[in-house]
Structure formats: C-alpha cells, structure tokens
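>>> Give me coordinates for this.
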Amino acid sequence: MEKIAILTDTASDIDIELAESLGIYLLSLYVNLDSKYFKDRKEISPEKFYDWVIENNKLPKTSAASPLDLTEILEQIKDDGYEKVIIVSLGSKFSSTYNLFNMIKIDGLQSFVFDTSNLTLSEGVFAIYAKELVDEGYSFEQIIDKLEEKKRDSKVFFTLKNFRYIVEGGRVPRTFGKIGNALSVKPIISINPEECSFKLLKITRGEKKLLNEFKKIALNELENVKDYYFYIGHGGYEESLEKLEETFKDIIANARKYYPIQISPTLGANTGPGLFGFGLFKLD
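All right, here's what the predicted structure looks like:
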C-alpha cells in the first residue's frame, strides 16, 4: 500500500488535537499582533486571539506561512516514511497559501496540491475525507480524483453578530454596516466554490429567524443525502454553539461525523468576534 500523508493549513479549522488524532499534518499561518508574529493555533489560541481583538479594539494582520516553515514540515513528512503527500489548501483566491504549497518541492516526496476554493472546516473536511480514503487503501490518483469530484459538496453558511469588524476590513460598505447593526439584520453568507468567493444568500431580522433559515438551508442541502459530515462553529461567540446544537440536533444525530469548532485567528482577523454558522460535506 502507498505511503500517503495528508497536509493542510490552519485556516482549515482542524485544531491541533484533532489533527493529531487523525494523523493529519498542519501548517500554521501567521497572525500579526502589534508587529509580533504568532503561529496560528500553535503560538496563539483562538480564545486569546479574540480576547486581544476585544481588548485592543482593532483587527490584526495575517500572513501565509514562510517557505522555511513549509520546507520543514515536508521534510518531516518524508522523514516519517511517506513517499507521497496530498496537500489540502485554503482557497487560492483567499490567500497566497495555495501558491506557497505549489512552490516548494522535496526530492523523493511526490506531492499534489488540492485547491478547495473554500475555507474553515469546509476546507478541512477535504483533509479528513482524504485521510479516510488513505486508511481505506485508495491510491494516490484515486484520492485526487475523489477530491475533485467532491469539490461542490462542501458547504458553509454563516452570519455575523455585528458588522463592525468586517466593515472596518473593507468587506462591505460602511453604510450597510450602520443599517445592519441598527436593524438587527443578520446576513446569511456562503462560499461559491466555482468562483472561490463570498456569496450573500439572504438577509434576516433577528437571531431566531436566522436560526430557522439556517435549519431550512441545511434540510434543503441534505435532502436525499444519507451520508454526510456536519459541523457548527463560532468565532468569539461561544454561546452560539448551544443554540446551533439545539437547532441542528436531528441533523447532528444522523451525521457520520460531527465537529463543533472555533474559527481560527487567521480567519477571525477578517471578521472579528461574533461569527457563527454551520457547514456540511455530502458523502453520497
């Protein structure tokens, strides 16, 4: 059987403990707090990151990993006895991480970089799925083909508690942020994998209506789907997890795998605290 490793970046929202339990390698991206760089999840936790944003009342900068970081982890993979590596990457239009993955090659280690066109665990589920396929004995080429076939089957839907940080980051017009906060408007945002971009699906008023819409979307996406992964997540809004678990309790109960996650610092740097939502990956 081929010795195939799976590598992904920390924007996948696979935390260190989960990565270790699954045997997935993680490359940390960087967060810049007042000109000091920290490795995402390894040197700064999501909790400390969101606390820093609230305390300092501003958003930090982020950056991709260095070529040296990637070289070291690829050398480690080779030293661990692997002959091939499938690299699951943050969407190429969201970050330069995809380009970095393609730039570094190690003699004696065959690599393939998969552009998920996605982020958060909707990126990460491809790494989880690929590792399952490795464990089931699929070949390098077969796994690549299956990842490509599933590219449109990984979905994420989220909202923001308020618009302040995403407005400051230039993601939406300032006037929209003022109206949204004043009227308790909750946008439902998704990722369009074909364009590797954010997509505004709907606008709701109030959290109760939002959760109802979340449930409708999930049920529609999973109609006639029997096998799937499901996750819920938040960025600095932990109390949302209980609400999401209650909303999706039946869907969670029937999922092959279920993950409650916290959004990584490198993604939270674009939204600030208050993001929450869900994602799914269709297996059949």
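
>>> low pLDDT regions in this structure?
Counting by pLDDT under 70, the chain shows low-confidence ranges at 162-183.

>>> Centroid-nearest residue for it?
In the chain, the centroid-proximal residue (Cα atoms, centre = their mean) is residue 120; its distance is 0.9 Å.

>>> got the contact list for that residue?
Going by Cβ atoms under 8 Å, 6 or more residues apart in numbering, residue 120 touches 11, 12, 13, 156, 233, 261, 263, 264, 267, 279. Just so you know, the C-beta spots here come from the backbone N, C-alpha and C atoms, and that holds for glycine as well.

>>> any idea how far residue 210 is from it?
With distances taken as Cβ to Cβ, to the nearest Å, residue 120 is found 18 Å from residue 210.

>>> now residue 274
Residue 274 is 13 Å from residue 210, where distance means Cβ to Cβ.

>>> These two: which is more packed in?
residue 210 (23 against 20; other Cβ atoms under 10 Å).

>>> That one touches residue 159, doesn't it?
Yes: counting by Cβ atoms under 8 Å, residue 210 touches residue 159, with 5.9 Å between them.

>>> Show me whatever sits in contact with both of these two.
Common contacts of residue 210 and residue 159, defined by Cβ under 8 Å, 6+ apart, comprise 186, 188.

>>> before we move on, the earlier item: let me know the closest of the contacts of residue 120 to residue 132.
Closest approach between the contacts of residue 120 and residue 132, by Cβ to Cβ: residue 12, at 15.2 Å.

>>> Tell me how many other residues surround that closest one.
Residues near residue 12, counting by other Cβ under 10 Å, number 30.

>>> so what's it up against?
26, 88, 90, 119, 120, 121, 123, 124, 127.

>>> Give me the phi and psi angles of residue 141.
Main-chain torsions, residue 141, degrees, to the nearest 10: phi -70, psi -40.

>>> Distance of it relative to residue 4?
For residue 141, the distance to residue 4 - Cβ to Cβ - is 11 Å.

>>> And those two? Which one has more around it.
Ranked by neighbour count (other Cβ under 10 Å), residue 141 and residue 4 place residue 4 first, with 21 against 10.

>>> check contacts around that one.
Contact partners of residue 4, counting by Cβ under 8 Å, 6+ apart, are 82, 83, 84, 85, 86, 134, 140, 143.

>>> Give the bridge partners for the third one, please.
Beta-bridge pairing of residue 84, defined through DSSP bridges, involves residue 4, residue 110.

>>> Surely it touches residue 138?
No: applying Cβ under 8 Å, one finds residue 84 not in contact with residue 138, separated by 12.0 Å.

>>> Could you measure from residue 99 over to residue 117?
Going from residue 99 to residue 117 by Cβ to Cβ gives 14 Å.

>>> and if you look at residue 238?
29 Å.

>>> Neighbour count: the two, which is higher?
residue 117 (24 against 15).

>>> distance of the more buried one from residue 28?
In terms of Cβ to Cβ, residue 117 sits 21 Å off from residue 28.

>>> Alright, calling it a day.
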